[in-house]
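Q: return atomic coordinates for the entry below.
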Amino acid sequence: MSADYAVHGSIAVISLNNPPVNGLGLATRSAAIEGIRRAEQDPAIKAIVLTGAGKAFSGGADIKEFNSSKALTEPTLHSLIRAVEGCAKPIVAAIHAVAMGGGLELALGCHYRVALPGAQIALPEVKLGLLPGAGGTQRLPRVLGLEMALNMIVSGTPVLSEKLAGTAIFDKLLPAGADLVAEACAFAEGIADLRPLPKVRDRKVDYPDHEAFLQFSRNTVKAVAGPFPAPLECVETVAASVTMEFEAGLKFERERFLHLMQTTECKSLRHAFISERAASKIPDVAPDTPVRAIRKAAVIGAGTMGGGIAMNFANAGIPVVLLETKQEALDKGLATIRKNYENTLKKGKLTQEKFDQRVALVTGTLEYGAIADADIVIEAVFEDMGVKETVFRKLDEVMKPGAILASNTSTLDLDKIAAFTSRPQDVVGTHFFSPANVMKLLEIVRGKATGKDVLATTMALSKKLKKTGVVSGVCDGFIGNRMIEQYFRQAGFLLEEGATPEQVDQAIEKFGFPMGPFRMSDLAGNDIGWYIRKRRYVEKPEVVYSKTADLLCEMGRFGQKTSAGWYDYKEGDRKAYPSAVVNEMIVKHSADIGVARRPIGDQEIVERLVYALVNEGALILEEGIALRASDIDMVYLTGYGFPLYRGGPMFYADTVGLFNVLGAVERFAKGRHGEAWKPAPLLVRLAAEGKGFNS
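A: Presented below is the predicted three-dimensional model:
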């Protein structure tokens with residue numbers, strides 16, 4: 001059973017019971033209808049209270065049934081709402097904590113609603129590329145009015161129940177701390193004999209000059225919705241609540257809902273939603289694995305990355321100590337953190353109290369002894385194995401037993417780093433992305449000796465720090481940087497063959513990336529890639545790179561920090577201006593290596609950059625570096641700006657069709673630098689079987 005049935009005098013209480021948020025799965029829907037029928041047939045029952053057990057009224061659809069036949073099996077949510085609305089006895093929705101999506105639509109089908117303050121009320125379907133599909137677009141305007149309902153549906157943002165007091169959504173807002181079920185039963189007793197039973201569907205939406213308001217809304221939403229179709233569809237379906245009879249509006253809502261379900265944008269958003277939850281599950285680490293307590297943290301290195309990492313701990317209320325070797329570097333790091341918080345305070349995104357609290361949680365030291373009692377220490381020093389060795393040998397010596405020793409390395413061998421200690425089971429990779437206090441991604445690198453409890457603790461910590469944790473195995477560059485290297489290699493080859501930096505950037509930005517490879521490189525610093533390539537030339541001499549990036553660095557053009565990179569920059573202006581000097585260098589280099597330049601179209605640019613990611617991603621999957629294709633997608637959606645409406649590189653490849661992706665890869669393999677395009681065996685196999693990476 002996924003709903004409980006109890007009798008309180010003449011009132012039947014049906015409690016949805018499907019933890020954690022009483023998702024309206026098939027079993028829950030069936031049990032709720034069974035409860036309604038039972039109450040209807042019992043002459044002693046005068047009214048029904050419908051509520052949620054545990055922590056919520058209902059969070060809506062059961063995500064475990066997403067993309068499965070159960071979501072459409074009778075009784076559907078529509079059938080449940082019809083049964084509620086058509087019940088001969090009054091049904092009172094008793095709402096607490098959460099009434100979202102289908103949960104709110106169910107409540108709106110009830111004859112009456114009572115609620116506790118603090119309940120989050122929302123129709124968030126737009127965030128999944130959908131619109132409310134069980135009457136929400138037709139009923140919410142009837143209780144909140146056109147404008148408020150439209151704002152809630154188009155934004156998907158939750159509103160606290162007390163903010164809706166005075167509207168027709170609630171018949172009674174209970175005092176804080178009230179006994180919800182007892183109060184709802186008392187309310188039900190009071191209305192039990194009233195007839196006719198009020199139905200939201202019978203109300204009218206009255207809005208003077210609604211056409212002008214709806215047209216204004218269309219124009220506004222169109223301007224901000226970008227490539228996503230759902231926000232505009234929300235406007236059209238809400239408009240139907242004014243312009244159509246209820247049943248016609250309901251039919252129109254269903255048609256638009258089913259249309260959106262089939263769009264790539266919706267499929268991509270649903271994929272991202274499910275993938276984010278899947279990423280936290282590690283097959284061989286049980287959900288009940290004991291985790292270590294993280295009450296105090298330490299960060300080695302107070303540079304940009306170290307300071308950003310420290311801010312994450314302070315934001316989560318965890319005291320953190322920054323360790324530096326020189327007082328000047330430490331002072332600079334602490335001052336930058338303070339300045340970042342001051343900027344947030346000025347923008348009104350932080351209260352003075354929170355500001356004081358967070359600044360106080362970050363302290364500095366020059367002594368390793370001052371961090372010995374930390375529960376986790378994260379090394380964020382220069383990306384050089386010799387430097388890492390010095391740090392980890394010292395940490396092994398001073399840190400208390402059971403402390404987690406983490407490295408923020410982005411490319412180096414974590415197993416080698418762990419071997420510098422006598423406790424490799426306590427060593428894990430925590431690769432934050434810059435700026436670390438903003439970017440959502442945290443690559444959690446699992447060494448061959450990393451303990452399962454360390455892994456479980458780090459994954460739990462990622463949630464506490466409001467990060468999307470994705471587990472990676474050990475290889476050069478892990479998931480994200482290993483793939484992006486192939487992307488940058490292709491970008492370099494495109495320059496040699498006939499493209500310019502601005503042409504490549506514009507093509508991939510049109511595809512949906514916020515920034516192309518050359519603007520991105522200028523922002524990060526071209527010297528970082530140069531340093532890594534120099535290491536590659538020694539370790540992997542067989543891997544060929546375009547020399548254009550090295551020539552650029554030899555000119556001292558390291559990017560925005562030197563006001564000159566692939567582009568020119570002006571003082572106090574971050575805009576990238578095409579550089580005649582750089583373009584001349586590129587053309588001369590093509591001539592020097594004997595390559596005849598040719599016109600290159602946007603489609604080729606996009607395919608070479610994106611399919612380079614996909615092909616390397618397929619190798620990463622096959623080697624077991626990534627646990628699942630959707631983990632790779634999460635890395636790229638949350639860390640590298642891959643367009644959300646395309647679902648990540650592996651999901652995008654699935655939508656294009658792996659047969660077509662493979663065809664392009666094989667075509668590129670016959671061109672210049674074809675050795676970079678050896679098709680991944682997994683790509684070949686799945687394409688032959690007509691499958692996708694995520695199927």
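Q: could you pull up phi and psi at residue 468?
A: phi -100, psi 110 (degrees, to the nearest 10).
Q: ignore the last one, residue 378
A: For residue 378, the backbone dihedrals (degrees, to the nearest 10) come out as phi -110, psi 120.
Q: okay, now it: neighbour count?
A: 27 (other CB atoms under 10 Å). C-beta: built from backbone N, CA, C; applies to glycine.
Q: if I look at it, how far off is residue 107?
A: 45 Å (CB to CB, to the nearest Å).
Q: by mean pLDDT, which helix or strand of the chain comes out lowest?
A: When the helices and strands of the chain are compared on mean pLDDT, DSSP states H and E, helix 526-539 comes out lowest with a mean of 89.
Q: list the helices and strands that one packs on?
A: Judged by 3 or more CB pairs under 8 Å, 6 or more residues apart in numbering; DSSP states H and E, helix 526-539 is in contact with helix 548-554.
Q: what is the helix or strand that comes right after the helix it packs on packed up against?
A: Next in sequence after helix 548-554, counting helices and strands by DSSP states H and E, comes strand 567-570. Applying 3+ CB pairs under 8 Å, 6+ apart, one finds that strand 567-570 contacts helix 517-524, strand 573-578.
Q: so where is the stretch 451-600 of the chain shaky, pLDDT-wise?
A: The stretch 451-600 of the chain contains no residues with pLDDT under 70.
Q: show residues contacting the least confident helix or strand of the chain.
A: Identification of contacts with helix 526-539 by CB atoms under 8 Å, 6 or more residues apart in numbering yields 383, 411, 488, 521, 543, 545, 549-550, 552-553, 557-559, 565-566.
Q: how about the helices in the stretch 151-300 of the chain?
A: 180-191, 210-225, 230-243, 246-261, 264-279 (DSSP state H, counting those that start in this stretch).
Q: distance from the chain centre to the shortest one, please.
A: By that I understand helix 180-191. Distance, stretch centre to chain centre, for helix 180-191: 40 Å (CA atoms, centre = their mean, to the nearest Å).
Q: still on that earlier bit, which parts of the least confident helix or strand of the chain are buried?
A: Using 16 or more other CB atoms under 10 Å as the test for burial, helix 526-539 gives 526-527, 529, 532-533.
Q: ok, residue 2 to residue 568 distance?
A: 63 Å.
Q: got it, and residue 505?
A: On the measure of CB to CB, residue 505 and residue 568 end up 14 Å apart.
Q: between those two, which one's more packed in?
A: residue 505 (26 against 16).
Q: what sits against residue 659?
A: Contacts of residue 659 by CB under 8 Å, 6+ apart are 687, 690.
Q: next SSE downstream of the helix or strand harbouring it?
A: Residue 659 is part of helix 658-669, with elements assigned from DSSP H and E. Remark: after helix 658-669, the chain's next helix or strand is helix 681-689, criterion DSSP H and E.
Q: which strands and helices sit next to that next one?
A: Secondary-structure packing of helix 681-689 (3+ CB pairs under 8 Å, 6+ apart): helix 602-622, helix 658-669.
Q: can you add mean pLDDT and distance to residue 517 and give those back as a markdown table?
A: Below are these laid out as a markdown table (pLDDT from 0 to 100; distance: least, CB to CB, whole Å):
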| stretch | mean pLDDT | distance to residue 517 |
| --- | --- | --- |
| helix 602-622 | 98 | 7 |
| helix 658-669 | 98 | 17 |
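Q: point out the most buried one among the ones you listed.
A: helix 602-622 (a mean of 23; mean count of other CB atoms under 10 Å).
Q: so which elements touch that helix?
A: helix 480-497, helix 501-511, helix 629-639, helix 649-656, helix 658-669, helix 681-689.
Q: quick one, which of these gets closest to residue 220.
A: Closest approach to residue 220 among the helices and strands packed on helix 602-622 (CB to CB): helix 501-511, 24.0 Å.
Q: pretty sure residue 412 sits in a helix.
A: No: assigned with DSSP: H, G, I helix; E, B strand; the rest coil, residue 412 falls outside any helix and is coil.
Q: OK, contacts around the residue lying closest to it once chain neighbours are set aside?
A: In space, and not counting its chain neighbours, residue 412 is closest to residue 385: 5.8 Å by CB to CB, 6 or more residues apart in numbering. Going by CB under 8 Å, 6+ apart, residue 385 touches 412-413, 416-417.
Q: save those as TSV, and put in pLDDT, neighbour count and distance to residue 99 too.
A: Shown next, in TSV, are the contacts of residue 385 (pLDDT from 0 to 100; neighbours: other CB atoms under 10 Å; distance: CB to CB, whole Å):
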residue	pLDDT	neighbour count	distance to residue 99
412	91	20	49
413	94	17	50
416	97	15	52
417	97	25	48
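Q: tabulate those (JSON lines), appending distance to residue 117.
A: Output for the contacts of residue 385, formatted as JSON lines (distance: CB to CB, whole Å):
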{"residue": "412", "distance to residue 117": "52"}
{"residue": "413", "distance to residue 117": "54"}
{"residue": "416", "distance to residue 117": "55"}
{"residue": "417", "distance to residue 117": "51"}
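Q: does residue 83 count as helix, strand or coil?
A: Using three-state DSSP, the three-state assignment for residue 83 comes out as helix.
Q: residue 39 versus that one, what's the distance?
A: Counting by CB to CB - residue 83 and residue 39 are separated by 11 Å.
Q: same question, residue 79
A: In terms of CB to CB, residue 79 sits 17 Å off from residue 39.
Q: between those two, which one's more packed in?
A: Neighbours were tallied for residue 79 and for residue 39 using other CB under 10 Å; the higher tally belongs to residue 39 (25 against 14).
Q: could you find the closest non-adjacent residue to the more buried one?
A: residue 12 (3.8 Å).
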